[in-house]
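In: Give me coordinates for this.
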Amino acid sequence: MSKTATSILALSLSVLATVVVAQPPKEPYEDSYFGYLDEVDAESIKDGDTPTIEIRMYGIDAPEKTQLCERANGTCYACGRRSERYLSGLLAHEEAVYWFTGQSTYGRPVATIIADGRDVNLTMVRQGHAVVYERFIKDDDMKQTYLDAQTDAKKNKRGIWQGKFIAPSDWRNGKRLSCETN
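Out: Numbering: from 1, shown residues only. Predicted coordinates for the structure are as follows:
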């Protein structure tokens with residue numbers, strides 16, 4: 001990979017992750033690729049050879065930063081911040097590989113993140129810090145894997161599944177829990 005391409009792929013989330021070139025992981029990522037990112041604007045410029053861009057994580061939807069959820073005992077907590085911190089922890093000391101789908105959402109390229117050999121997107125679902133965005137997962141086997149992880153998180157009351165929450169897409173459209181409006 002050229003130095004220019006490596007610089008373009010330097011991405012930022014809430015932490016900086018190192019982008020490396022590696023052999024593609026086993027299925028279902030075989031159709032993913034590093035490639036040309038069309039119509040993606042740099043969010044910031046760190047220095048002369050490091051633009052940063054936002055990405056959208058493939059197949060998942062996490063609570064928004066200011067979103068609140070409700071525990072089983074009725075108390076509200078900052079599930080959006082908790083989700084953000086969990087993702088930050090997953091990427092804190094790992095080299096990450098970004099497998100781009102070739103799609104974009106609102107100018108953000110869509111990717112699956114692999115860190116330390118694990119699917120970070122799937123881990124977010126498995127631990128209850130994101131829900132499956134079913135309509136965007138094209139591969140049936142991958143969709144089932146993500147849905148199974150979500151079912152397990154729900155059954156074991158992990159993360160947002162420990163009480164009540166508004167789906168992030170509904171929350172973005174103005175729907176709120178009663179504890180958020182009091």
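In: And the residue nearest to W161 when sequence neighbours are not counted, what's its pLDDT?
Out: The shortest distance from W161 to any residue other than its chain neighbours is 4.4 Å, reached at K154 (CB to CB, 6 or more residues apart in numbering). C-beta: built from backbone N, CA, C; applies to glycine. The predicted structure scores K154 at 98 on the pLDDT scale.
In: Equivalent analysis for K46, please.
Out: Reported pLDDT for K46: 80.
In: For burial, what's the neighbour tally of it?
Out: Per other CB atoms under 10 Å, the neighbour tally for K46 reads 13.
In: and the host helix or strand of it, how far out from the chain's middle?
Out: Here K46 is covered by strand 44-47, with elements defined by DSSP states H and E. Strand 44-47 has its C-alpha centroid displaced from the chain centroid by 22 Å (CA atoms, centre = their mean, to the nearest Å).
In: got it, and stretch 88-95?
Out: Computed by CA atoms, centre = their mean, the separation of stretch 88-95 from the middle of its chain amounts to 13 Å.
In: what's the first-to-last distance across it?
Out: Terminal residues of stretch 88-95 are spaced 13 Å apart (CA to CA, to the nearest Å).
In: pLDDT averaged over that stretch, what's the number?
Out: 84.
In: Which pLDDT value goes with the spatially most central residue of the chain?
Out: Centroid-nearest residue in the chain: M57, 3.7 Å away (criterion: CA atoms, centre = their mean). Predicted confidence (pLDDT) at M57: the value is 94.
In: do you know how far T105 is from E43?
Out: T105 is 14 Å from E43, where distance means CB to CB, to the nearest Å.
In: correction: D140
Out: To E43, D140 is 34 Å away according to CB to CB.
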